[in-house]
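Asks: Sequence and predicted structure below; questions after.
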Amino acid sequence: KGSIGFTITAPDTYNVFVNGVKLDSREQTGNVTEIAALKYAAEYVSVPQLVEYRVDGLLNEPDVTVYNNQGDMVMYTPDENGNITIDTFTTSPIAPELSATVLQNAKNYSNFFSKDIDGCSNSVAPISYMFPADSYYLELAENYRRNDMRMYSAHETPVFTDETVSNYIVYTPELFSVEVYFKKNMILKLNGEARQDIVNSRYYYAKLDGNWLVVDMQSVTE
């Protein structure tokens, strides 16, 4: 038996091969790490976790290949001890139709808060289609509608510029995240001054009852 040993940490949706042999539960150490960014999505659908594998007793430097949940090979760099950690997910191209949908949803959500979507003064109905019925975000929106919406400055219809949809990540067939960026330009009716809101957020979508719904939102920090 050889003396070479190392650990590999990777999402449980990925396939890891050492010298052509796929690792399974027999090589897992039991060390499992929850992925913090998927904490809220996990309340609605099953999400990937990071699992650790241990391989020992090799005579020669191993050939390790890792494939993501889309079947693509994943690049990695071992640390100084030969251990491998893959804790990020691979982005994919997004279909134009889905890209258009997530962009429009992000605009509608933004327009709710600036009083630019029909019916927003009366209820959260104009945005409720994009969230689960028990969503915390609908609760926040309702609270805002009741208490703060009336204070938003009157303005001309917003003009959106610099729109991008990027970093589309498919975690499972029931879960993806995507980043949406745009500038929302408004002219205030009171004094003609320009106002600009910038949206730069990551949206987590889960497939619930056949519909893609937003289960979490996180600001993207540069």
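Replies: Sure thing, it's come through. Since the structure is predicted, the reported quantities are computational estimates derived from the model, not experimental observations.
Asks: Identify each buried residue in the longest helix seen in the chain, please.
Replies: Ranked by residue count, the top helix of the chain under DSSP state H comes out as helix 96-113. Residues of helix 96-113 classed as buried: 99, 101-103, 105-113 (neighbour count, 16 or more other Cβ atoms under 10 Å). Yep, even glycine has a C-beta here, placed from its N, CA and C like the rest.
Asks: List phi and psi for A141.
Replies: With angles defined as degrees, to the nearest 10, A141 sits at phi -60, psi -40.
Asks: Just give me how far the longest helix of the chain sits from the chain centre.
Replies: Chain-centre distance of helix 96-113: 15 Å, with Cα atoms, centre = their mean, to the nearest Å.
Asks: can you check stretch 161-170 too?
Replies: Its chain's average C-alpha position is 11 Å from that of stretch 161-170, according to Cα atoms, centre = their mean.
Asks: where in the chain is pLDDT low?
Replies: The model of the chain has pLDDT under 70 over residues 222.
Asks: For the residue nearest to K189 when sequence neighbours are not counted, grab the count of nearby residues.
Replies: Sequence neighbours aside, A154 is the residue nearest to K189 in space, at 4.3 Å (criterion: Cβ to Cβ, 6 or more residues apart in numbering). The number of residues packed near A154 is 9, by other Cβ atoms under 10 Å.
Asks: Surely A154 touches N191?
Replies: No: using Cβ atoms under 8 Å, A154 is not in contact with N191, being 10.7 Å away.
Asks: rewinding a little: for the residue nearest to K189, what are its contacts?
Replies: Contacts for A154 were tallied using Cβ atoms under 8 Å, 6 or more residues apart in numbering; they are 188-190.
Asks: Go ahead and name everything in contact with stretch 137-153.
Replies: 112-115, 120-121, 123-124, 127-128, 131, 188-190, 195, 214, 217.
Asks: can you rerun that using 6 Å?
Replies: The contact list for stretch 137-153, computed with Cβ atoms under 6 Å, 6 or more residues apart in numbering, reads 114-115, 124, 128, 131, 188.
Asks: Narrow the residues you listed to those in strands?
Replies: Under the assignment DSSP state E, the contacts of stretch 137-153 contribute nothing to strands.
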